[in-house]
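>>> The following comprises the amino acid sequence and a computationally predicted model.
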Amino acid sequence: MQLSRFTDLGLRALMRLAVSGGAEERVTVKLIARQVNASENYVAKAVSKLAELGYVASQRGRTGGIFLTDAGRAATIGRIVRDLEGDSEVIECVGDNPCPLAGACRLRGILATAQEAFYSELDRYVLADLVTPRTIELLHLPAFPAVTLVND
């Protein structure tokens, strides 16, 4: 199964936001697009959908930007992917060119079971599980606030 580019960008944006401390560390779509090597327009569309789903929030203005919500931090990767991908099946047996085997074929059911197993595996993880010190390093962010050591 291959995820759509839209879902890929949505997950990348969420991973970027997960390395921020929260609402106090807002970032812009432009910054995310640069850091995840994607079109600002596509990232904006993904972020808009993530906001609609309640995973991110934004604040307008000079000090504005987007940030991960508590719901975004708590959601499983499986839930996020389901929400971004929609209810599409692995294959489409009906529609404009329906499959003549649809009435007697077991493939559709088997693929639906496999798809659910895929999502169930993703349900074992949340965004924090995807963000490592290496992720932070690749995004050129300090892992911790600068600390000044004082010798006594």
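Yes, it's here.
>>> List of residues touching the helix or strand hosting residue 48?
Following DSSP states H and E, one finds residue 48 within helix 40-53. With contact meaning CB atoms under 8 Å, 6 or more residues apart in numbering, helix 40-53 is reached by 5-6, 9-10, 13-14, 29-30, 32-33, 36, 56-58, 66, 72, 80, 83-84. Where you see a C-beta, it was placed from the backbone N, CA and C, and this is true even at glycine.
>>> Could I get the buried residue list for it?
42-44, 46-47, 49-50, 53 (16 or more other CB atoms under 10 Å).
>>> related to what we said a few turns ago, taking the contacts of helix 40-53 one by one, which sit in strands?
Counting by DSSP state E, the contacts of helix 40-53 place 56-58, 66 in strands.
>>> Farthest-apart pair in the buried residues of helix 40-53, please.
Greatest spatial distance among those (CB to CB): 42 and 53, at 16.9 Å.
>>> Need the per-residue pLDDT for residue 146.
pLDDT, residue 146: 45.
>>> I meant to write residue 49 there.
So, for residue 49, pLDDT stands at 96.
>>> so who does residue 129 touch?
residue 77.
>>> Let me know the secondary structure of it.
At residue 129 the chain is in helix, as set by DSSP: H, G, I helix; E, B strand; the rest coil.
>>> what's the distance between it and residue 135?
11 Å (CB to CB, to the nearest Å).
>>> Spell out which residues are contacts of both of these two.
Joint contacts of residue 129 and residue 135 (CB under 8 Å, 6+ apart) do not exist.
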